[in-house]
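>>> predicted coordinates and the sequence they were generated for:
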Amino acid sequence: ELKVEQNPLFLSMQEGKNYTIYCNYSTTSDRLYWYRQDPGKSLESLFVLLSNGAVKQEGRLMASLDTKARLSTLHITAAVHDLSATYFCAVDSPTGNQFYFGTGTSLTVIP
Amino acid sequence: GAVVSQHPSRVICKSGTSVKIECRSLDFQATTMFWYRQFPKQSLMLMATSNEGSKATYEQGVEKDKFLINHASLTLSTLTVTSAHPEDSSFYICSAMAGKPNIQYFGAGTRLSVL
C-alpha cells in the first residue's frame, strides 16, 4: 500500500519567517499534489507537480518535486497569518486512479 | 476552473435514518468520482471510487451496504449513508476527476451529525 508521510504534523511559526514542509511517499509516482484546507472547509488545490524537478510558485508558497527521492517540499517564505491552515500533499497510485493523502500539516502563523 | 457542487453542506439526522449526499460536476464530465471521509484533525480517508455506469470500488473496511454509492451519470454521484448511527458522524467530501493529468476537483464537503 502506498504511504504518504508529511513532516511536521504541526507547525507554529512567527510572521515573516520561512519554513519547509516535507512530503515523503513510498512508491513510484510522477504526480504530486498540494492542497490547503481551512477549518470546516473542503480542500483547495494549490499545486500540481507532474514531473521530476518540477517547481511551482504562487505568492509565498513554492512547491517542488523530486521523484527519485520520492520527496516533495512546500516552502513558505515570509509567512503571514493568512497562511494558517492545514496543508495536505497527495500522490497518485501507480494506476493513476486513486489518490493517497498525507497526514496533513497544521500550520499556525503567529503575528 | 472546474466546479464540483456537493449538497447538502450540513445535515443533522436521527439515528436509524438514511442520508443522501449529492456530488455534481457542474461544467465538466467526470468519469471518476471519489468519496472521502475526514475525522476531526485527521487526513482524508478514501472510502470508494465511483465510475459512471459501474459499481463503486470500496476501500478495505468500508461497508458497501452501509455507504451506498450511485454514479448514474457523468456529472452526478450520490452517497447514501443507510441507517446512520452516531459513529457515522463525520465530514464527507467528494471529488471529481477530469481528464489528464487526473486533477481532482473537490466539493465543499458535507458535515453529517447523527443524533
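In hand now; what should we look at?
>>> show the contacting residues for the nearest residue to B:S83 once chain neighbours are set aside.
The spatially closest residue to B:S83, leaving aside those adjacent along the chain, is B:G16, at 5.7 Å (CB to CB, 6 or more residues apart in numbering or on different chains). In short, each C-beta sits where N, CA and C put it, glycine included. For B:G16, the contacting residues are B:S83, B:A84, B:H85, by CB atoms under 8 Å, 6 or more residues apart in numbering or on different chains.
>>> helix, strand, or coil at B:G16?
Under DSSP: H, G, I helix; E, B strand; the rest coil, B:G16 falls in the coil class.
>>> name all residues that make contact with the nearest residue to B:L26 once chain neighbours are set aside.
Distance criterion CB to CB, 6+ apart; nearest residue to B:L26, sequence neighbours excluded, is B:V3 at 4.4 Å. B:V3 is in contact with B:S25, B:L26, B:D27, B:Y105, counting by CB under 8 Å, 6+ apart.
>>> how does it look with 10 Å?
Neighbouring residues of B:V3 by CB atoms under 10 Å, 6 or more residues apart in numbering or on different chains: B:R24, B:S25, B:L26, B:D27, B:F28, B:A96, B:Y105, B:G107.
>>> nearest to chain A among the contacts of B:G16?
Proximity of these to chain A (CB to the nearest CB) peaks at B:A84, which lies at 20.3 Å.
>>> what's around that closest one, how many residues?
22 (other CB atoms under 10 Å in any protein chain shown).
>>> element containing it?
For B:A84, there is no host helix or strand (DSSP states H and E).
>>> and B:P101, what's its pLDDT?
At B:P101, the predicted lDDT confidence score is 62.
>>> rewinding a little: and the contacts of B:G16, which is closest to A:Q37?
If you rank these by distance to A:Q37 using CB to CB, B:A84 comes first, at 24.2 Å.
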